[in-house]
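[1] prediction below, plus the sequence it came from.
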Amino acid sequence: MPDDPSPEPEIDLRIEDEAWLKDLDESAFLALASTALNAAARETRTGRVDILLTDDDAMQVLNRDWRQKDKPTDVLSFPSDDEAFEQGFLGDIALGLGVVKRDCDTMKRAFDAHFSHLLIHGYLHLLGFDHETDADAEEMEPLETKILAELGYSDPYSLKVEK
């Protein structure tokens, strides 16, 4: 962890699906996102991030077009190109409300904890972390868990989910 605290990440939040605003307003989402990404930046690095809160249909299109998986998903990360990254723009994170809420129900996890976890997960992907191999996951998942613990949230990887 760096000795000098990193400046806080700059966040551009766009809420594309109004259903996100049923329980929380935009300022509450921005506060949750800021808290989560500030904690992640303290353990890694800071930068600018665009966050999109959308619906399952839009997430399915993004997932299909960018990952060749024709189904909605909870979170997608789109790292910036090298030049933009060097200038401080880390990339984009998109979250789909339907999958996020279903996951909360399945995992019996509070919305703020899951939302924060997904943002931290997405942020780490923007920085090049991955979980495609066991070795990659052994680096990324403990870092996520550590950041979440600093925020008072439990280890999401200790939860057993039956599919």
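    Nice, I can see it. Numbering: from 1, shown residues only.

[2] CA atoms for contacts and neighbours, from now on please.
    Fine.

[3] and the strand or helix carrying Ala39, what's buried?
    Per DSSP states H and E: Ala39 is located in helix 26-43. Residues of helix 26-43 classed as buried: 29-30, 32-34, 36-43 (neighbour count, 16 or more other Cα atoms under 10 Å).

[4] repeat that for stretch 106-115.
    Under 16+ other Cα under 10 Å, the buried positions of stretch 106-115 are 109, 113-115.

[5] measure that stretch end to end?
    14 Å (Cα to Cα, to the nearest Å).

[6] max pairwise distance over the buried residues of helix 26-43: which two?
    Phe29 and Glu43 (21.6 Å; Cα to Cα).

[7] just the buried residues of helix 26-43 now: which is nearest Glu83?
    So of those, ranked by how close each gets to Glu83 (Cα to Cα), first place is Ala41, at 19.8 Å.

[8] so how far is Met107 from the closest one?
    26 Å.

[9] and what of Glu141?
    In terms of Cα to Cα, Glu141 sits 17 Å off from Met107.

[10] go on, Tyr157?
    In terms of Cα to Cα, Tyr157 sits 10 Å off from Met107.

[11] so the spatially most central residue of the chain is in which element?
    Centroid-nearest residue in the chain, with Cα atoms, centre = their mean: Leu119, separated by 1.8 Å. Element membership of Leu119, judged by DSSP H and E, is helix 111-126.
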